[in-house]
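Student: What shape does this take:
(one chain, ligands or ions: 1)
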Amino acid sequence: MIKHLSRIICASAAIVLLLTSCGSRAKYAYEDAAPSLCEAYKDWFRVGAAINSWDIEDPNSENCRTILKQFNVLTMENESKPENLHPEEDRYYFDKFDSFVDFCENNGIRARGHTLLWHSQVPDWFFHDGAGDASAELVLQRIRDHVTTIVTRYKGRVDTWDVVNEVIGDDSSLRFSEWLRLVGDYDGDGDDYDYIETAFIAAHEADPDARLIINDYSLETSSNKAIRMYKAVRKMLEDGVPIDGVGFQMHIGNGIDYDAMKDNFEIIASLRDIKPDFVIEVTELDVNCYPWGEAPADVEITGPFLKQFSETYTSVFRLMKELSEEGLLDSVVMWGLHDGVSWLNNGHRNYPMLIDRGLELKDAFYDVIDEARVRGQK
Ligand code: GLA
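Tutor: Residues are numbered from 1 along each chain as shown. Model (predicted):
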C-alpha cells in the first residue's frame, strides 16, 4: 500500500514539474518573462528587424513592446527608400524617417538607413531630362544631391547606410539598371562602378563616421555572385572608394548548406586583406517556407519541416557567432517583425520569422536562444 502511495506521489510530482516547466516558457514576444534575442546575443552582435512607422507610434502596443524587448538594431522596411523619402526632385518627405531615428535614439537602438540607391522603388525623375534620358553628368549630380541631403540630415544619428542595394544581377554581372545604363564608365578607368563610387564618396563626405554598406541577396548561396561582389568591392577599395562592408540580405530557404554558406562568407571576408576593418552584416534575414518562384498549395507544417526550419535559423546564428568572434560582424537584422507582416506572404500564407502572426514565440525562437548558450565553440 505504502509502495503504491509513494508511486502516486512521485507521478504527481513529475506531472507538477512538467506543468511548471511548460508554464515557465513565455508565450508572447513582448512579455516581460520572454527571453530577448538581443539580450541573448549581446556578447556577439546586435539583433534587429525591419519595421514600419506604425509599429512604433504607440509605445504600449504589442508590436512596439516586442521591438523594444527583442531588438537593438532597426531598419525601416519601406519608408526610407528613395520613392518615399525623395519622390520628386525638389521635395523630400522626412517625417517618418525622422520619427524612426528619434525612436532609435531614445531607446539605445542602432538605426540603419535603407537604402540610398536601388534599381527598384526609385522614382523615375532621376533618369529623365525633359522627355529624354538624363545625361551621365545630370544623373551623377542628382546622386550627389540626394545622398548628401539625406546623409547630412542624419549625421551622427544613423549609424549605418545601405548605400547601394542589389547592384549585382542574377547572372552575377553588374546589374544593367538605369543607373548603369545612363552613367556607365564615366571616368574612363575601365570599370562601370562610377555611379556606385559617386554614392559612396558623397555619403562619406556627408558623414565620415557612418558605416557604408553595399547590400545584396544570394551572396550566401551563390559563390559566383559572392566572387563578383568580391571583385567589384576590391577594385573600388583599391581606387579609394570608402566602402566599409558588405550586407548579406539572406532571404534564404528552409534548409541551408552550412559549409557552402561559410565558404561564401569567407570570400567576402577576405576583403580584409585590403581593408583590415572591413565588416559583414546580415541585413534582411528570413526563411521562406516555400520553394522560390511558383507557390504550390499551402505548405504543410509538419514536425520534420519545423525541425529543419529551426536548424536553418540556428545554423545561421551559429555561423554569425563565429564571424563575430573573428571581429567581422556585429549586426543581424531580420526582415519583418512577425510572420503576418512578412513580404513573403505573397499569394500564400508564409511562416518565415521566429515570431508568429499572433506574436507567439516559435520553438525555433527558443532554439535560437539556446544556441546563444553554446559558448567557446571555436
Ligand atoms: C529586397 C530589398 C528590401 C525588401 C526586400 C523584400 O531584399 O532590399 O528592401 O524590399 O527585397 O521586399
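
Student: right, and the helix or strand after the top strand by length along the chain?
Tutor: Of all the segments assigned as strand in the chain under DSSP state E, the longest by residue count is strand 279-288. Downstream of strand 279-288, the next assigned helix or strand under DSSP states H and E is helix 303-325.

Student: by contact count, what packs against that next one?
Tutor: Of the remaining helices and strands, those touching helix 303-325 by 3 or more CB pairs under 8 Å, 6 or more residues apart in numbering; DSSP states H and E are strand 251-253, helix 258-269, strand 279-288, strand 329-334, helix 363-371. Any C-beta I mention is one placed from the backbone N, CA and C, and that applies to glycine too.

Student: Restrict the third one to CA atoms and write it as PDB.
Tutor: What it means is strand 279-288. Below are the C-alpha coordinates for strand 279-288, written out as PDB (Å, rounded to 0.1, in the frame of the first residue of the first chain):
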ATOM      1  CA  VAL A 279      32.800  44.200 -42.000                       C
ATOM      2  CA  ILE A 280      29.900  42.000 -42.900                       C
ATOM      3  CA  GLU A 281      26.300  42.500 -41.800                       C
ATOM      4  CA  VAL A 282      23.300  40.300 -42.100                       C
ATOM      5  CA  THR A 283      20.600  42.800 -43.200                       C
ATOM      6  CA  GLU A 284      17.300  41.000 -44.200                       C
ATOM      7  CA  LEU A 285      17.200  37.500 -42.800                       C
ATOM      8  CA  ASP A 286      14.100  35.400 -43.300                       C
ATOM      9  CA  VAL A 287      13.400  31.700 -44.100                       C
ATOM     10  CA  ASN A 288      10.900  31.200 -47.000                       C
END
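
Student: and it, what's its mean pLDDT?
Tutor: Mean pLDDT, taken over the full extent of strand 279-288, equals 98.

Student: same question, the second one
Tutor: Averaged across helix 258-269, pLDDT comes to 97.

Student: list the buried ones in it?
Tutor: For helix 258-269, the buried set under the neighbour-count rule, 16 or more other CB atoms under 10 Å, comprises 261-262, 264-265, 267-269.

Student: and the gap between Lys69 and the ligand?
Tutor: Counting by CB to the nearest ligand atom, to the nearest Å, the gap from Lys69 to the ligand is 24 Å.

Student: burial of that residue, as a residue count?
Tutor: The criterion is other CB atoms under 10 Å. On that basis, Lys69 has 18 neighbouring residues.

Student: for the one 10 residues further on, same thing?
Tutor: By the other CB under 10 Å criterion, the neighbourhood of Glu79 contains 19 residues.

Student: Check the secondary structure at it for me.
Tutor: Per DSSP: H, G, I helix; E, B strand; the rest coil, the secondary structure class of Glu79 is coil.

Student: Likewise for the one 4 residues further on?
Tutor: Assigned state for Glu83: helix (three-state reduction, three-state DSSP).

Student: right, and it touches His119 too?
Tutor: No - applying CB atoms under 8 Å, one finds Glu83 not in contact with His119, separated by 11.7 Å.

Student: one step back: give me the contact status of the longest strand of the chain with the ligand.
Tutor: Yes - against the ligand, strand 279-288 shows contacts by CB under 6 Å from any ligand atom at Glu284.

Student: Over to stretch 347-357?
Tutor: No - judged by CB under 6 Å from any ligand atom, stretch 347-357 makes no contact with the ligand; its nearest approach is 10.9 Å.

Student: what sits up against that stretch?
Tutor: Residues outside stretch 347-357 that contact it (CB atoms under 8 Å, 6 or more residues apart in numbering) are 29, 37, 66, 70, 286-290, 295, 298-299, 301, 309, 313, 334, 336-340, 342, 344, 361-362, 364-365, 368.
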